[in-house]
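Participant: A structural model of the following input is requested.
(4 chains)
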Protein chains: 4
Amino acid sequence: MEQYILLISTQDAKGLIYNISKILFANSINIEQNAEYVDPETKNFFMRSVLSGKISENILLKELKEVLPEGSLIKLNKKTKKDVVLLATKESHVLGDLLIRYVSGELNANIKAVIANHNTLKSLVEKFDIPFICVSAENISRDEHENKMIEQISQFNPDIIVLAKYMRILTSNFVEKFSGKVLNIHHSFLPAFIGANPYKQAYERGVKIIGATAHYVTNDLDEGPIIYQDVVRVDHSYSWEDMRNAGRNVEKVVLSNAFELLLNDRVFVHRNKTVIL
Amino acid sequence: MEQYILLISTQDAKGLIYNISKILFANSINIEQNAEYVDPETKNFFMRSVLSGKISENILLKELKEVLPEGSLIKLNKKTKKDVVLLATKESHVLGDLLIRYVSGELNANIKAVIANHNTLKSLVEKFDIPFICVSAENISRDEHENKMIEQISQFNPDIIVLAKYMRILTSNFVEKFSGKVLNIHHSFLPAFIGANPYKQAYERGVKIIGATAHYVTNDLDEGPIIYQDVVRVDHSYSWEDMRNAGRNVEKVVLSNAFELLLNDRVFVHRNKTVIL
Amino acid sequence: MEQYILLISTQDAKGLIYNISKILFANSINIEQNAEYVDPETKNFFMRSVLSGKISENILLKELKEVLPEGSLIKLNKKTKKDVVLLATKESHVLGDLLIRYVSGELNANIKAVIANHNTLKSLVEKFDIPFICVSAENISRDEHENKMIEQISQFNPDIIVLAKYMRILTSNFVEKFSGKVLNIHHSFLPAFIGANPYKQAYERGVKIIGATAHYVTNDLDEGPIIYQDVVRVDHSYSWEDMRNAGRNVEKVVLSNAFELLLNDRVFVHRNKTVIL
Amino acid sequence: MEQYILLISTQDAKGLIYNISKILFANSINIEQNAEYVDPETKNFFMRSVLSGKISENILLKELKEVLPEGSLIKLNKKTKKDVVLLATKESHVLGDLLIRYVSGELNANIKAVIANHNTLKSLVEKFDIPFICVSAENISRDEHENKMIEQISQFNPDIIVLAKYMRILTSNFVEKFSGKVLNIHHSFLPAFIGANPYKQAYERGVKIIGATAHYVTNDLDEGPIIYQDVVRVDHSYSWEDMRNAGRNVEKVVLSNAFELLLNDRVFVHRNKTVIL
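Facilitator: Model (predicted):
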């Protein structure tokens, strides 16, 4: 029996749960898991249900649409592996961690390709029998390079694009093209240390804790909705390289946790924040 | 408009959410917050809803009872301050923390009294204009002492009894008398270091992290359902007294977090574990 | 036998440890604890030793001065309780926590007074038999108020001034007057959310972790050397008030940990950072 | 100029630091880093120094031996890569993490081989051009198998043996053969959940935090000196498999942190505990 994940985001209204559950009940659909949340400020209602039973997708969506307010987000995703493309540059710690998880069967995903702007990681990626595509940025303009990247990515039609330490700034063109699909790991506890070289900034400031932040990519660099964060304690004896090394462990864990939330359809975006059900 | 908290724990069944939400909808009751959980092993269904509207308690309970399986737990609590009695012995750090929170208005509770088996904390408690009752255990049997304690506690008819470092073992008589109402803080990361002097045990074992555990009290000492835990890092330079001091901060935070969960009716007990909605 | 804490901060040089330990050995002084650190960038040497034995302060300082480079910091503090003044405004959670620790004998300090710019906390403080002084800022200029504060503080000649949620900005006059003695708790994980209302800022940004920072006060607001930080996890269901409440637990623990480091002479300041031995 | 790490563990005595630093000074040796610790209970003195300069190993050791008490541990290790053998069974998450770190240049080690009692991990290991040796335990006795393991390990003469989820119990013969060299990762926050299937135990007990422990292997299973621990929060919605998955992230980080401490000669063992300088 197939499982589906139903995602609803809409303006709250009286009887919403009643109306939705009535439809599910009438269609003999089981609710395996159910979580709801109403934002007390905006009165937006979020619901994530894991459904099972003989589900006729079109009928269910049509019936839900009829009882929900105009403009509601209603998604019904079959619970299957998502297609993923990884973007990288030269650093191997985050990418390598994803690859190891992948071959270990820990990720509910199909990694279609790794695309990088350097060749450094080619041999690592190919160890895992995953296509590696290098799109060099040398001697071409930023726009040209990005268009080539978009072309390469698009052929795989990915559900999620993971920036596994992809060290280039994306234009709004890219961001809009893959809106709501791009996951980034930022090597600081945002919003502390926005921008370049956060570990050096953290070292200079003398902080006692450093962190990492996984977020959706939006047009504002390092300002997208935060999905997951974690931290690790440091002290005066840490050089900035020591902080970077300590931070790498956190980056891996944070990205991997955020990725898992996306793979399981657990993240809603609402007013530049995330609601995680 | 008054708020209520509806708690339901029952065997899962098809249409449960539909049937419950139908009744709420029919009675024009708003669902302000809603959380559900189904234990995948036992198929037990848990629901906690914050309701508002003109609610007729008896009618609502009767209608819910009609659609829910025989033997379901159904509670409808008005969202008000709960009556609490604190039990203590000689240590002031946890008790003092609760009292400071209380006078700061942080606790949604009425602290009716502090009852202790020693007089040590009398002057501290009376600073806060809270009745302090000493029930000395000297020269009387364990049972006699406990009966006196029960008598003193019972006059306040408390919703919750907090053992704020009450260092005496409770008999099954006491536990059954106040079943599901007694919250304890254990000064270790249970199940590590059960029993006496956990900080000395932790020191001897050379652990690198210590913790504290808040749990419901049941007949099996230190074996009741765990509500909240937290930890703090230690190292070789900590004597066991240093560990105890570091642990005190954790004890305070853990107990206070667990207490808040209870004050907000967020904890279900199921098979010696807690479900927190 | 009295204990002393010896603190040395100086430019590193060959034979430094040898020269210092020679003097201690020659004076029959025991080294109970010893920690050293050399900053690899600036080559500054830090040393903290707990000494015991019959110690002639002047002779020891003179001999150490002879072997250490010109301009070295050399301090020899008797291991006794430090005199402390607490500054507050209206909030009781941090102040109350310090007071409870104080009456519980947890703090190796003499709290000489609580000085506040409002009368709100008077009754709380007086419960603990500690002088409460209100220096109202009404109808007087910022400078006038601060001068009155300085006057009141100065009469107690404190070793440490703790800003226990004192919500006024200090001028450079104040900061220089009590240079290196003023400990502040900032209600965010600095450098994130500098300035007013950090919990609202954190809520707006949708962070998944919030924190608190204890730091020395310098002329640059929220930019002083960081002593201790800690964090707590939050999620989308937290209103900014919920974040503030969760943050209060962290503020208490962070301030209390930093305060303890100061009471034990464990903090050096170096280039706007702290070295903690 | 070569760097050395000097490790001393001995009974504390007056003038110890003076005597040691005199020798270093007389031999024109620089102390790059220095850390000392005296156990207040046993009065054992620990020292770890990073030295540089023209160092004549035999002379330095001889001179130190003359001034230190009989039976002192004195080690002088050149700061080079250590030779390591990894032992595994079937699980890839910890092993894979080590291999990725290794090819990324994060580990200051030579991984000489991976030896396993199953063939499952052969293809993963060989991706990284590291020898994989399978010593099957089928149809042979425990002792026979272990002797074969010892034989295979011994040919590499490793400084450290890492049990990267090697799921067989070692005899005292093995432990003594490689005494002080064997690092294990236990998948629980020891001493909680000793023995088999700690995640199932944790699930049954309903804990709210799970952890992992890296420790030296001694004859008492799960009772060796603890080197590093860490934890992660879980809740009622975690099945035991979810706990295991969450725990795997912790296992990786904990083992890798402990391994790094060993690679940098930072761990002393004293009375079944570790002192980490």
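Participant: check contacts around the residue nearest to A:Pro40 when sequence neighbours are not counted.
Facilitator: Leaving aside its sequence neighbours, A:Pro40 sits nearest to C:Ser239 (C-beta to C-beta, 6 or more residues apart in numbering or on different chains; 6.5 Å). C-betas here are computed from N, CA, C, even on glycine. C:Ser239 makes contact with A:Pro40, A:Glu41, C:Tyr203 under the criterion C-beta atoms under 8 Å, 6 or more residues apart in numbering or on different chains.
Participant: Show me how the record splits chain A into domains.
Facilitator: A:3-78, A:82-276 (automatic domain parsing).
Participant: Deepest in the core, which of the ones you listed is it.
Facilitator: Comparing these by mean neighbour count (mean count of other C-beta atoms under 10 Å in any protein chain shown), domain A:82-276 ranks first with a mean of 19.
Participant: In the stretch 1-150 of chain A, what residue spans correspond to helices?
Facilitator: A:16-26, A:57-67, A:93-103, A:122-127, A:142-154 (DSSP state H, counting those that start in this stretch).
Participant: beta partners for the closest residue to A:Glu2 other than its chain neighbours?
Facilitator: Nearest residue to A:Glu2 in three dimensions, chain neighbours excluded: A:Lys78, at 6.4 Å (C-beta to C-beta, 6+ apart). Assessed by DSSP bridges, A:Lys78 has beta-bridge partners A:Tyr4.
Participant: again with A:Ser49
Facilitator: According to DSSP bridges, the partner residues bridging A:Ser49 are A:Leu6, A:Asn34.
Participant: Is A:Val217 in contact with A:Tyr166, as I believe?
Facilitator: No: assessed by C-beta atoms under 8 Å, A:Val217 is found out of contact with A:Tyr166, at 9.9 Å.
Participant: residues bridging contact with these two, i.e. touching both?
Facilitator: The contact sets of A:Val217 and A:Tyr166 overlap at A:Asn184 (C-beta under 8 Å, 6+ apart).
Participant: Tell me how far A:Ser104 lies from D:Val232.
Facilitator: 18 Å (C-beta to C-beta, to the nearest Å).
Participant: quick one, what contacts whatever residue of the stretch 101-250 of chain A ends up closest to chain D?
Facilitator: In the stretch 101-250 of chain A, the residue found nearest to chain D is A:Lys127; the distance is 4.1 Å by C-beta to the nearest C-beta. Taking C-beta under 8 Å, 6+ apart, we find A:Lys127 in contact with D:Lys127, D:Phe128.
Participant: ok, now how distant is it from D:Leu124?
Facilitator: The gap separating A:Lys127 from D:Leu124 is 9 Å, by C-beta to C-beta.
Participant: Which helix or strand contains the most centrally placed residue in chain A?
Facilitator: Residue closest to the mean C-alpha point of chain A, counted by C-alpha atoms, centre = their mean, is A:Leu183 at 3.8 Å. Take DSSP states H and E as the rule and A:Leu183 turns out to sit in strand A:182-186.
Participant: So what touches that strand?
Facilitator: Contacts of strand A:182-186 (C-beta under 8 Å, 6+ apart): A:94, A:160-166, A:170, A:174-175, A:198, A:212-217, A:222, A:224, A:227, A:251, A:254-255, A:258-259, A:262.
Participant: ok, now with 6 Å
Facilitator: A:Ile161, A:Val162, A:Leu163, A:Thr213, A:Ala214, A:His215, A:Val217, A:Asp222, A:Glu251, A:Leu255 (C-beta atoms under 6 Å, 6 or more residues apart in numbering or on different chains).
Participant: Can you add mean pLDDT and give the domains of chain A back as a markdown table?
Facilitator: Output for these, formatted as a markdown table (pLDDT from 0 to 100):
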| stretch | mean pLDDT |
| --- | --- |
| domain A:3-78 | 95 |
| domain A:82-276 | 95 |
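Participant: In TSV: these, plus distance to C:Arg48.
Facilitator: As requested, these are exported to TSV (distance: least, C-beta to C-beta, whole Å):
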stretch	distance to C:Arg48
domain A:3-78	50
domain A:82-276	12
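Participant: Looking at the ones you listed, spot the one closest to D:Phe46.
Facilitator: domain A:82-276 (17.1 Å; C-beta to C-beta).
Participant: Get me the contact residues on the stretch 151-277 of chain A for chain C.
Facilitator: A:191-192, A:205-209, A:226, A:229, A:231, A:236, A:273, A:275 (C-beta under 6 Å from any C-beta of the partner chain).
Participant: Out of those residues, which sit inside helices?
Facilitator: Within these, residues falling in helices by DSSP state H are A:Arg205.
Participant: what's near enough to touch the residue of the stretch 51-200 of chain A found nearest chain B?
Facilitator: Taking C-beta to the nearest C-beta, chain B has its nearest neighbour within the stretch 51-200 of chain A at A:Gly53, 9.5 Å off. Contacts for A:Gly53 (C-beta under 6 Å, 6+ apart) come out as A:Ser28, A:Ile29, A:Asn30.
Participant: Now do the contacts for the second one.
Facilitator: For A:Ile29, the contacting residues are A:Leu51, A:Gly53, taking C-beta under 6 Å, 6+ apart as the criterion.
Participant: rewinding a little: select, out of the helices of the stretch 1-150 of chain A, the one closest to B:Asn147.
Facilitator: helix A:16-26 (48.5 Å).
Participant: which other helices and strands contact that closest one?
Facilitator: Counting contacts by 3 or more C-beta pairs under 6 Å, 6 or more residues apart in numbering or on different chains; DSSP states H and E, helix A:16-26 is packed against helix B:16-26.
Participant: Now do the helix it packs on: distance to the chain's middle.
Facilitator: Per C-alpha atoms, centre = their mean, to the nearest Å, the displacement of helix B:16-26 from the mean C-alpha position of its chain is 30 Å.
Participant: Repeat that for stretch A:141-160.
Facilitator: 18 Å.
Participant: now swap in stretch A:119-133 and tell me
Facilitator: 22 Å.
Participant: With stretch A:179-186 instead?
Facilitator: That offset, for stretch A:179-186, works out to 5 Å (C-alpha atoms, centre = their mean).
Participant: now swap in stretch A:173-180 and tell me
Facilitator: Mean C-alpha position of stretch A:173-180 versus that of the full chain (C-alpha atoms, centre = their mean) differs by 13 Å.
Participant: Noted, bye for now.
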